[in-house]
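Peer 1: Predicted structure and sequence below. I'll ask about it afterward.
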Amino acid sequence: MPPMSRRPNHPLRSLTDQEREALQAISRSLTEPAAHVARAKELLSVAEGISFTEAAKRAGRKSGDAVCKLVARFNLFGLSTLETRYDLPPL
């Protein structure tokens, strides 16, 4: 049996139509920075109900904890969360 995923501390808020469209466009982009593409893919996966760990794997990343932090920041700051985290205020 696969390990149970822990309950998210910060569930993703509902995406607006504009946010979903922007995330989908970024996730398919060949010109956006790779980190932005990965973050967009992670957020879209979580919006589909995928666990943080699986969302990280789908985006080519390893850490479900990083996705948890990304979701918490997205809930507060929206699409600007795709930018480098050092540009955002701390949680």
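Peer 2: Perfect, I can see it now.
Peer 1: Pull the distance from the helix or strand of the chain with the lowest mean pLDDT to the chain's centre.
Peer 2: Counting by mean pLDDT, DSSP states H and E, the chain has its least confident helix or strand at helix 64-77, which shows a mean of 92. Relative to its chain's centre, helix 64-77 lies at 6 Å (Cα atoms, centre = their mean, to the nearest Å).
Peer 1: before we move on, what about stretch 17-26?
Peer 2: Distance, centroid of stretch 17-26 to centroid of chain: 12 Å (Cα atoms, centre = their mean).
Peer 1: Show the average pLDDT along it.
Peer 2: What stretch 17-26 shows for mean pLDDT is 97.
Peer 1: could you say what helices and strands the least confident helix or strand of the chain packs with?
Peer 2: helix 34-47, helix 52-58 (3 or more Cβ pairs under 8 Å, 6 or more residues apart in numbering; DSSP states H and E). C-beta: built from backbone N, CA, C; applies to glycine.
Peer 1: okay, the first one in PDB with CA atoms only?
Peer 2: It refers to helix 34-47. The C-alpha trace of helix 34-47 is given here as PDB (Å, rounded to 0.1, in the frame of the first residue of the first chain):
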ATOM      1  CA  ALA A  34      11.800  26.800 -16.100                       C
ATOM      2  CA  ALA A  35      11.100  27.600 -12.400                       C
ATOM      3  CA  HIS A  36       7.900  29.500 -13.400                       C
ATOM      4  CA  VAL A  37       6.800  26.600 -15.600                       C
ATOM      5  CA  ALA A  38       7.300  24.100 -12.800                       C
ATOM      6  CA  ARG A  39       5.500  26.200 -10.300                       C
ATOM      7  CA  ALA A  40       2.500  26.600 -12.700                       C
ATOM      8  CA  LYS A  41       2.400  22.900 -13.200                       C
ATOM      9  CA  GLU A  42       2.500  22.200  -9.500                       C
ATOM     10  CA  LEU A  43      -0.400  24.600  -8.800                       C
ATOM     11  CA  LEU A  44      -2.500  23.200 -11.600                       C
ATOM     12  CA  SER A  45      -1.900  19.700 -10.300                       C
ATOM     13  CA  VAL A  46      -2.900  20.700  -6.800                       C
ATOM     14  CA  ALA A  47      -6.000  22.400  -8.200                       C
END
